[in-house]
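Participant: got a predicted structure here, sequence first:
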Amino acid sequence: MLDPFFLVVIGIIIALIFDFGNGLNDAANAISTVVATRVLSLRAAVLLSAFFNFVAAFVFSVAVAKMIGKGLVDPEVVTTVIVISGLIGSIVWVYFSSFIGLPVSASHALVGGFVGSALIGAGIDALIVPGILLVFAFIFIAPILGMIGSFLFSALVSRIVKNSPPGKVNNWFKRLQLISVSVYSLGHGTNDAQKTMGIIAILLFSGGMLGTEFFIPWWVIILSHTTIALGTIAGGWRVVKTMGTKITKLKPFHGFCAETSGAGVIIASSIFGIPVSTTHVISGSIVGVGVARRISAVRWSIARNIVWAWILTVPVTAFIGALSYLILNPIFNAL
């Protein structure tokens, strides 16, 4: 059998590949609105977003990482092969979706892959049902909160600026959008990077490298934030185009309202240790500002395709994670 340390190293490398893909796909979440409104160029937007993805490492706690690491599957029965198999399930879906320009939830891809491999590798008793149900509930709750928040916020802001000259309003919100996209990227960085932290920590724990107490080492925090920031820098234009231009037409005012509402939902969720999909949140927020203008302003066919991708994410990644375990476990045991 392979040396446990070597297996953990392989697992960490695969986790960082997922983390990079998370930034690659989810870069669209943070920058789609600011690029679509032409406040920033694509290059400037990804650099700004990547910077705040990294800065988030020094701002928030690691509540989400602990939820991923010990709130979904019993860490006492998790093996390195289970974690690696779950990561493969999520990586296949995230990179495929990025290639075709489909914004999906890297968060739920990770949870789906991990739960699927754990179910096959450790049995149903290993699953922590309340934690899993909480994550799945927020598949629906998070985008609804984003949509309602952005709808109400944009209605309020519209009332405040309704008597101001349009040109002046546009210039105000171009500046304000720089603040909102920065705060959103900060929230995105803390919630999403922590998912990789949790996975790496459970790899270390299952390999006997954390002792008897589960915790998140500082170097894991820095490494995870650095990797997701690099993935954001390499963010795919196809996903940015779908999020920023196909759901509804955006102006700086709409971008500011969507980003501000989305940032509020993500940061609040991170404080309470709830891993949410930043893709779901910003998609809901963009729909919300579109509905605030008029229902017909939203391209519902595009929104429907995105929702179908969300629905498919967990079962597809769970299946790939389970299949990966069935393939890899006998191979690793034979080596």
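Facilitator: Yes, it's here.

Participant: can you show me the helices along the chain?
Facilitator: Assigned by DSSP state H, the helices in the chain fall at 4-36, 42-55, 63-70, 80-100, 106-122, 129-161, 166-206, 218-233, 237-241, 252-271, 278-293, 300-334.

Participant: now do the last one, average pLDDT.
Facilitator: Summarised as a single mean, pLDDT over helix 300-334 is 82.

Participant: compute the inter-axis angle for it and helix 278-293.
Facilitator: 180 degrees (axes from the mean of the first three to the mean of the last three CA atoms, to 10 degrees).

Participant: again, but for the fourth one
Facilitator: Compare the direction of helix 80-100 with that of helix 278-293 by the same axes, to 10 degrees and you get 40 degrees.

Participant: any idea which helix or strand of the chain has the worst average confidence?
Facilitator: Across the helices and strands of the chain, mean pLDDT, DSSP states H and E gives its lowest value to helix 237-241, namely a mean of 54.

Participant: picking up where we left off before, now the helices of the chain as TSV including mean neighbour count and distance to T212?
Facilitator: In short, each C-beta sits where N, CA and C put it, glycine included. Formatted as TSV, the helices of the chain follow (neighbours: other CB atoms under 10 Å; distance: least, CB to CB, whole Å):
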stretch	mean neighbour count	distance to T212
helix 4-36	25	16
helix 42-55	21	32
helix 63-70	23	13
helix 80-100	25	18
helix 106-122	27	19
helix 129-161	18	21
helix 166-206	23	9
helix 218-233	22	18
helix 237-241	19	42
helix 252-271	26	27
helix 278-293	28	34
helix 300-334	17	25
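
Participant: where among those helices is the average confidence lowest?
Facilitator: Comparing mean pLDDT across the helices of the chain, the weakest is helix 237-241, with a mean of 54.

Participant: per-residue pLDDT, the residue lying farthest from the centre of the chain?
Facilitator: Residue farthest from the centre of the chain, counting by CA atoms, centre = their mean, is N163 at 38.1 Å. N163 carries a pLDDT value of 82.

Participant: what residues are up against L72?
Facilitator: With contact taken as CB atoms under 8 Å, 6 or more residues apart in numbering, L72 is in contact with V111, F114, V115, A118, L127, I128, G131, I132, V135.

Participant: and the nearest residue to it once chain neighbours are set aside, how far from L156?
Facilitator: Using CB to CB, 6 or more residues apart in numbering and skipping the chain neighbours, the partner closest in space to L72 is G131 (4.9 Å). Separation of G131 from L156 (CB to CB, to the nearest Å): 35 Å.

Participant: now swap in I286 and tell me
Facilitator: Separation of I286 from L156 (CB to CB): 17 Å.

Participant: do A122 as well
Facilitator: Counting by CB to CB, the gap from A122 to L156 is 49 Å.

Participant: grab the nearest non-local neighbour of V157.
Facilitator: C257 (6.1 Å).

Participant: let me see the contact set for that neighbour.
Facilitator: S150, F153, S154, V157, S285, G288, V289, A292.

Participant: show me which of those is closest to G23.
Facilitator: S285 (19.6 Å; CB to CB).

Participant: so what's that closest one up against?
Facilitator: Shown in contact with S285 (CB under 8 Å, 6+ apart): G146, M147, G149, S150, C257, A258, E259, S261, G262, V265.

Participant: next one: G262
Facilitator: Residues counted as contacts of G262 (CB under 8 Å, 6+ apart) are N29, G146, G149, S150, Y184, G187, T278, V281, I282, G284, S285.

Participant: repeat that for 10 Å
Facilitator: By CB atoms under 10 Å, 6 or more residues apart in numbering, G262 lies in contact with 29-30, 33, 142-143, 145-147, 149-150, 180, 183-184, 187-188, 278, 280-286, 288.
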